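[1] Need a 3D model of the sequence below.
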Amino acid sequence: MAIITQTLKKETIRLLKENFDSSENKYYLGIGRSNTWDNATDTPPIAENTAVEERLYRNALQSVKLISDASFIIPRNNWSANSHYSAYNDNQVGYPGNPYYVMNDENQVYICIQRAKSATGGEIVSSIQPTGHLDGTTFRTSDDYAWKFLYSISAGDANKYIAANFLPVKKQGATTISSPAADIEQLAVQNAAVDGQIIGYEVVSGGSGYTSTPTLTIHGDGSGAVAIATRSGSEIVKVEVHDSAGSTSGVLKPAFPLGLGYTNASITQSAAGQTTDAVIRPIIGSKGGLGADPRNDLRSDGIMFSVKPSGDEVDGDFVVGNDFRQVGLIRNPLVSVGGSAFGDDTGNCLKKLVLISKSGDFVIDETFSNTNGAKGIIDKISTNGLELFFHQDDETGYKTFGNSETITGATSNATGGTHGSTPNVSAEVETLTGDVLYIDNRAAVTRSADQTEDVKIVVQI
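    Sure, this is the predicted structure:
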């Protein structure tokens, strides 16, 4: 059975980020669908990857807002006392049940180099939160866990990208003296990373018949790695990254002998009475060394787009006093008139019907129609009640409204006469243009003039 490799996943998601960062492209949040879902409870259905779903999303759009912020993301793991944590493992598919990295209370991210185990090989919970050691050196806490600092999440990035289930991650580029401290700190860790280190050792099987603890020798194309085995009874129960000098618990070791330059490694054991050798597998760090690119170390496979529409926005392009049920990501839409690229920060996607008179007041969300069968759904009404901003869908049909016609509201029974020369005004944005990259169906969100949405769109490969 074929697989898509992690390399292809990484390249795909990074190409998307490069596309976003390119000056040739503009990405927009698009919200819409004021009318209820087609069920008694107004429960959103799961969005389907079909041309119909995309077309209906486009037709129901209310507004778009330019997205300026995007970040690679990883699943969020807060450090929690008395929890089990795994160590980094190069043979792990996806993410293990017990996390192998954490964010502490100061929004600093640490990767677990070695988890604590008892003398019999049993797992021990973490009781000491990793802090400090911001130079990226491996250190041991008094609960016998070994950690390495990777990066801090700045206040600005935390505000944009930390969510209930996700954390931001990035590879830090060049910095200047005015760069945020977190960026300068991370670049130093990246530059200090050592390629080809043996991060840990997996005891695949403990062997049998040991009467003493064997000496382990590391073989491979690198150098400097040292490991020590622990025997319980007649088998090997753990192999740790350290030498025999000093305490193995409660103090910082003089150094963690991880070595360098390994792309392949194996272990031989001295004679220790064993009937069957334990099978021990060296774990080699990610390319470039842990810390060189946290996106690799933490297996980032997604991007978060972050944007915060506020009220009706500067030009009144966003609807207030109504709700929306769909959120989407649109790349490079065009203007409705002229076909050029749309480039404003915000844009109105609703058609407008101009009335010269009315009797009664139309209401939002109602369907209005004329005598020729043209229908529309009202999303927004101007202050004077003579401008109806609306959309059409498959249920209303797509007939156009003509000059000097009478329209009637299905709910309000209000009537109005359309303008004699230009009753129909196009939206700013031609909703049938641009690439729709993402659609999410949601429960109704009602917007008010003093409201700011914190919209985070996550795309994972």
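[2] drop to CA atoms for contacts and neighbour counts, all remaining ones
    Noted.
[3] Name the nearest residue to G289, sequence neighbours excluded.
    In space, and not counting its chain neighbours, G289 is closest to D195: 4.0 Å by Cα to Cα, 6 or more residues apart in numbering.
[4] Does that neighbour belong to a helix, a strand or coil?
    Under DSSP: H, G, I helix; E, B strand; the rest coil, D195 falls in the coil class.
[5] pLDDT score assigned to it?
    We have a pLDDT of 95 for D195.
[6] what's the neighbour count on it?
    Residues lying near D195 (other Cα atoms under 10 Å) number 21.
[7] swap in A163?
    For A163, the neighbour count with other Cα under 10 Å is 15.
[8] By residue count, which helix of the chain is the longest?
    Longest helix in the chain by number of residues (criterion: DSSP state H): helix 6-21.
[9] Just checking: what are the partner strands of the helix or strand of the chain with the lowest mean pLDDT?
    Among the helices and strands of the chain, strand 424-425 carries the lowest confidence by mean pLDDT, DSSP states H and E, at a mean of 84. Strand pairing for strand 424-425, using DSSP bridges, gives strand 351-359 (antiparallel).
[10] Give me the residue ranges of this structure where confidence is low.
    1, 243-255 (pLDDT under 70).
[11] Which positions within the helix or strand where D183 lies qualify as buried?
    Using DSSP states H and E, D183 sits within helix 181-192. Residues of helix 181-192 classed as buried: D183, I184, E185, Q186, L187, A188, V189, Q190, A192 (neighbour count, 16 or more other Cα atoms under 10 Å).
[12] wait, the fifth one sits on G173?
    Read that as L187. Yes - counting by Cα atoms under 8 Å, L187 touches G173, with 7.2 Å between them.
[13] what does the least confident helix or strand of the chain rub up against?
    With contact meaning Cα atoms under 8 Å, 6 or more residues apart in numbering, strand 424-425 is reached by K351, K352, L353, V354, F401, G402.
[14] Could you point out which of the residues you listed is nearest to D143?
    Using Cα to Cα, K351 comes nearest to D143 of these, at 63.8 Å.
[15] gap between the closest one and R299?
    44 Å (Cα to Cα, to the nearest Å).
[16] Going by neighbour count, which residues of stretch 66-82 are buried?
    Buried, per 16+ other Cα under 10 Å, within stretch 66-82: 66-67, 69-80.
[17] re the thing from before, and which of the buried residues of helix 181-192 is nearest V314?
    Nearest to V314 out of the buried residues of helix 181-192 is D183 (Cα to Cα; 32.5 Å).
[18] give me the element the residue lying closest to the closest one once chain neighbours are set aside is part of.
    Using Cα to Cα, 6+ apart and skipping residues adjacent in sequence, the residue nearest D183 is Q172, 6.5 Å away. Using DSSP H and E, Q172 maps to neither a helix nor a strand.
[19] quick one, what contacts Q172?
    By Cα under 8 Å, 6+ apart, the contact list for Q172 reads D183, Q186, L187, Q190.
[20] please redo it, this time with the cut-off set to 10 Å
    Contacts for Q172 (Cα atoms under 10 Å, 6 or more residues apart in numbering) come out as 151, 182-190, 292-294.
[21] how about these in TSV, adding distance to T215?
    Shown next, in TSV, are the contacts of Q172 (distance: Cα to Cα, whole Å):
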residue	distance to T215
Y151	36
A182	42
D183	42
I184	42
E185	39
Q186	37
L187	38
A188	36
V189	33
Q190	33
A292	32
D293	34
P294	34
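[22] Show me which of these is closest to V335.
    V335 lies nearest to D183 out of the contacts of Q172, by Cα to Cα, at 38.4 Å.
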